[in-house]
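*Asks:* Here you go, sequence then predicted model.
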Amino acid sequence: MENTKNLILAIVLSLLVMLGWFWLFPPEQQANNPNDPDIVSTTEDVPVTQQQAGQPDAAVAPVSAEAPRITIDTPELAGSISTQGGRIDDLLLKDYHVTLDDNSDNVRLLTPVGEDHAYYALQGWVPAGGLDFPDVPGPDTVWSIQGQGTLTPDTPVSLQWESPAGLIFTRTIAVDDQYMFTVTDRVQNTGEAEQRLAPYGMIARHGTPPDLQGFFVLHEGVVGRTDGELTETKYSAIEDLPRIARENAQAELREATTDGWIGFTDHYWMTTLIPQQGQPFTSVAKYLAQQNVYTTETRMPVMAVAPGATIETSQRVFAGAKEWATIRHYQNEEGIAGFIDSIDWGWFFFLTKPIFAVLHWLNAHIGNMGVSIIALTFLLKALVLPLAYKSYVSMARMKELQPEMEALKERAGDDRQKLQKEMMQLYKDKKVNPAAGCLPILIQIPIFFSLYKVILVTIELRHAPFFGWLQDLSAPDPSSLFNLFGLLPWAAPEAGTTLAMVFIGVLPILLGVSMWLQQKLNPAPPDPTQQMIFAWMPWVFMFMLGHFASGLVLYWITNNLITFAQQYIIMSSHGKRPDLFGNIREGFKRKTKAEPEKKGKK
């Protein structure tokens, strides 16, 4: 049974080694081919034509530099809207900077056509019946501004365009004080015949994002929901979608009857189309290979507008940071079903969601994310304390049985079957579960992975400071042995280099020491191979986890220290106080010459 325990430990170590390997050496990022036409600059590149079945075209037309713009100015957003196409295509996030320096550039979310990696949202109408695109505004139509020319939470803006068919189109764009735009389109029919047309929304992205990480643990690409079903599609998978002739592209269409939304998600940012909930629509993810353009679309049913009548449709556009509290507000208070799942919670969502909710609550009261991680670790350890208690009690009882175990080994000799049978009977008589010692390790695995996921994907950890040199808990410890943690007059190695991997920082060293101390609560195993593995394990983990997010390393250190205290106290209370200093001294002793001689006689 001792061998079983060691096997489980080896499996756990292997899993963590694999995780560390993928972290240190993630899959190669997708790179855009500079020869690809990822910037559409002429209308000839993507002709805007009426689609079969009345569906919108890719609508990736050029934006005229002369087209007037509407300024966006809110507490969270800055930018502008182009009157050509009425597209939201210029957006900066005021509260987020590219680097830790507050004087660095704000994070840019949306970019106009004509610049690298154009990324924008637009709404429009598809003609149906006898109408054609000259009769409805297209993506290159220049609208006229009505009244107020600056979009703020208190002042919506209106655009207007009149078609040759006698249809007057009015678009009103409003924005709240966070990241939600509401686009309301009205069509007034001043003609003498009924007209039919269908509204749509679109987010277009020219090429893959320049900061695409391509890490298998993190989802980047299309994220959407239709009737309760969440869909996540990476950019490479969008390119592999089946080709649909009438779309003239790789595409996937999903029909929603009650609720849904679709858009593009980055590591920390997202742009999403949200049609009116409770009404049917078609959700589309598409890739136009010739133009190297990805789009997500929402297509609503055809609407009829009688002579002298007016129709209206509305759609929301989320464009901003994936803040948990903000997205949760839109879900719970604004009726966007399942919107919290736009954050990539992963396979262990049943753990990552509550873990982050508690962490967020702690940080709201403590005001320091690092201290909150420490407090969270105490709470998690308290939850699993009953199992840990049973485990450490079982370990103490196993130590009590050690003399009897040695006697059994002498009696059994080389008869392994007899030894196993008598050991199991001994465990049964003494009511000891030898596997109980593995429970804390097994419980720790999903908790570790869940917290790893939380720290990786949630924006609340981005640039979150702890103390001193630790100013970003989502990044590795920036200190380094290379310059004696800042005492020497040269810079630390750049992150990701071989030198940075070797010359680790303060937190990884503390992690190795804490694991080593925890290990010394028990004597070294008698088997030489096991001795070597356990002796190297803390230091291997020290380097392997040294380049994980410092928030995760902080959690691991705290967890080790709490586990150390728990094990020491519980085992001492059962009369088996760990000989910590004796085990440390024993580890530094050299083998005596008698040991190999005795082994040789065998």
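*Replies:* Arrived safely, thanks for sending. Numbers count the residues shown, from 1 in each chain.
*Asks:* going forward, measure contacts between C-alpha atoms and count neighbours the same way
*Replies:* Fine.
*Asks:* what stretches of the protein score poorly on pLDDT?
*Replies:* For the chain, the stretches flagged by pLDDT under 70 are 1-65, 395-396, 399, 430, 433-441, 522-528, 530, 583, 587-602.
*Asks:* Alpha carbons of whichever strand or helix holds residue 394, as PDB, please.
*Replies:* Using DSSP states H and E, residue 394 sits within helix 385-400. What follows is helix 385-400, C-alpha atoms only, in PDB (Å, rounded to 0.1, in the frame of the first residue of the first chain):
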ATOM      1  CA  LEU A 385      -9.700  20.300   7.300                       C
ATOM      2  CA  PRO A 386     -12.000  17.400   8.300                       C
ATOM      3  CA  LEU A 387     -10.400  15.200   5.500                       C
ATOM      4  CA  ALA A 388      -6.900  16.600   6.300                       C
ATOM      5  CA  TYR A 389      -7.500  15.700  10.000                       C
ATOM      6  CA  LYS A 390      -8.400  12.100   9.200                       C
ATOM      7  CA  SER A 391      -5.300  11.900   6.900                       C
ATOM      8  CA  TYR A 392      -2.800  13.200   9.400                       C
ATOM      9  CA  VAL A 393      -4.400  11.000  12.200                       C
ATOM     10  CA  SER A 394      -4.000   8.000   9.800                       C
ATOM     11  CA  MET A 395      -0.400   8.900   9.200                       C
ATOM     12  CA  ALA A 396       0.200   9.100  13.000                       C
ATOM     13  CA  ARG A 397      -1.300   5.700  13.400                       C
ATOM     14  CA  MET A 398       0.800   4.300  10.600                       C
ATOM     15  CA  LYS A 399       3.900   5.400  12.500                       C
ATOM     16  CA  GLU A 400       2.600   3.600  15.500                       C
END
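*Asks:* Now that helix: buried residues?
*Replies:* 387-398 (16 or more other C-alpha atoms under 10 Å).
*Asks:* Stretch 402-411 too?
*Replies:* For stretch 402-411, burial by neighbour count (16+ other C-alpha under 10 Å) applies to 405, 408-409.
*Asks:* what does stretch 559-578 give?
*Replies:* The neighbour-count check on stretch 559-578 (16+ other C-alpha under 10 Å) flags 559-564, 566-568, 570-571, 576-578 as buried.
*Asks:* Make CSV out of those and add secondary structure.
*Replies:* Shown next, in CSV, are these (DSSP: H, G, I helix; E, B strand; the rest coil):
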residue, secondary structure
559, helix
560, helix
561, helix
562, helix
563, helix
564, helix
566, helix
567, helix
568, helix
570, helix
571, helix
576, coil
577, coil
578, coil
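*Asks:* thinking again about what came up before, is it possible to export the buried residues of stretch 402-411 to a markdown table including distance to residue 515 and secondary structure?
*Replies:* A markdown table is the format used below for the buried residues of stretch 402-411 (distance: C-alpha to C-alpha, whole Å; DSSP: H, G, I helix; E, B strand; the rest coil):
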| residue | distance to residue 515 | secondary structure |
| --- | --- | --- |
| 405 | 28 | helix |
| 408 | 33 | helix |
| 409 | 31 | helix |
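*Asks:* mind putting those residues in JSON lines, distance to residue 244 included?
*Replies:* Below are the buried residues of stretch 402-411 laid out as JSON lines (distance: C-alpha to C-alpha, whole Å):
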{"residue": "405", "distance to residue 244": "70"}
{"residue": "408", "distance to residue 244": "72"}
{"residue": "409", "distance to residue 244": "71"}
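*Asks:* picking up where we left off before, elements contacting the helix holding residue 394?
*Replies:* If contacts are counted by 3 or more C-alpha pairs under 8 Å, 6 or more residues apart in numbering; DSSP states H and E, helix 385-400 sits against helix 439-457, helix 550-573.
*Asks:* Run the angle between the longest one and helix 385-400 for me.
*Replies:* Which is helix 550-573. If you take axes from the mean of the first three to the mean of the last three C-alpha atoms, to 10 degrees, helix 550-573 sits at 50 degrees to helix 385-400.
*Asks:* cool, and the shortest one?
*Replies:* Orientation note: helix 439-457 sits at an angle of 140 degrees relative to helix 385-400 (the same axes, to 10 degrees).
*Asks:* Convert helix 439-457 to CSV, retaining C-alpha atoms only.
*Replies:* Once non-C-alpha atoms are left out, helix 439-457 reads as follows in CSV (Å, rounded to 0.1, in the frame of the first residue of the first chain):
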residue,chain,number,x,y,z
LEU,A,439,-6.4,12.5,0.4
PRO,A,440,-5.0,16.0,0.9
ILE,A,441,-2.9,15.7,-2.3
LEU,A,442,-5.9,14.4,-4.3
ILE,A,443,-8.1,17.2,-3.0
GLN,A,444,-5.4,19.8,-3.7
ILE,A,445,-5.2,19.0,-7.4
PRO,A,446,-8.6,20.4,-8.6
ILE,A,447,-8.3,23.3,-6.2
PHE,A,448,-4.8,24.2,-7.6
PHE,A,449,-6.0,23.9,-11.2
SER,A,450,-9.1,26.0,-10.4
LEU,A,451,-7.2,28.8,-8.8
TYR,A,452,-4.6,28.6,-11.6
LYS,A,453,-7.5,29.2,-14.1
VAL,A,454,-9.0,32.0,-12.0
ILE,A,455,-5.6,33.9,-11.8
LEU,A,456,-5.0,33.3,-15.5
VAL,A,457,-8.3,34.5,-17.0
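*Asks:* and it, how far out from the chain's middle?
*Replies:* 15 Å (C-alpha atoms, centre = their mean, to the nearest Å).
*Asks:* and that helix, what other elements does it pack with?
*Replies:* So helix 439-457, by 3+ C-alpha pairs under 8 Å, 6+ apart, packs with helix 2-24, helix 349-366, helix 385-400, helix 550-573.
*Asks:* What residues of that helix count as buried?
*Replies:* In helix 439-457, counting by 16+ other C-alpha under 10 Å, buried: 440, 447, 449-457.
*Asks:* Nearest to residue 149 among those residues?
*Replies:* Nearest to residue 149 among the buried residues of helix 439-457, counting by C-alpha to C-alpha, is residue 457 at 37.0 Å.
*Asks:* Thought residue 269 was touching the closest one, still the case?
*Replies:* No: if you go by C-alpha atoms under 8 Å, residue 457 and residue 269 don't touch, sitting 10.5 Å apart.
*Asks:* got any residues that touch both of the two?
*Replies:* Shared contacts of residue 457 and residue 269, defined by C-alpha atoms under 8 Å, 6 or more residues apart in numbering, are absent.
*Asks:* check contacts around the closest residue to residue 167 other than its chain neighbours.
*Replies:* With C-alpha to C-alpha, 6 or more residues apart in numbering as the criterion, residue 167 has its nearest non-adjacent residue at 4.8 Å, and that residue is residue 189. Going by C-alpha under 8 Å, 6+ apart, residue 189 touches 166-168, 195, 305-310.
*Asks:* Kindly report the domain assignment for this protein.
*Replies:* 54-343, 353-592+595-599 (automatic domain parsing).
*Asks:* Please identify the most buried of those.
*Replies:* domain 54-343 (a mean of 19; mean count of other C-alpha atoms under 10 Å).
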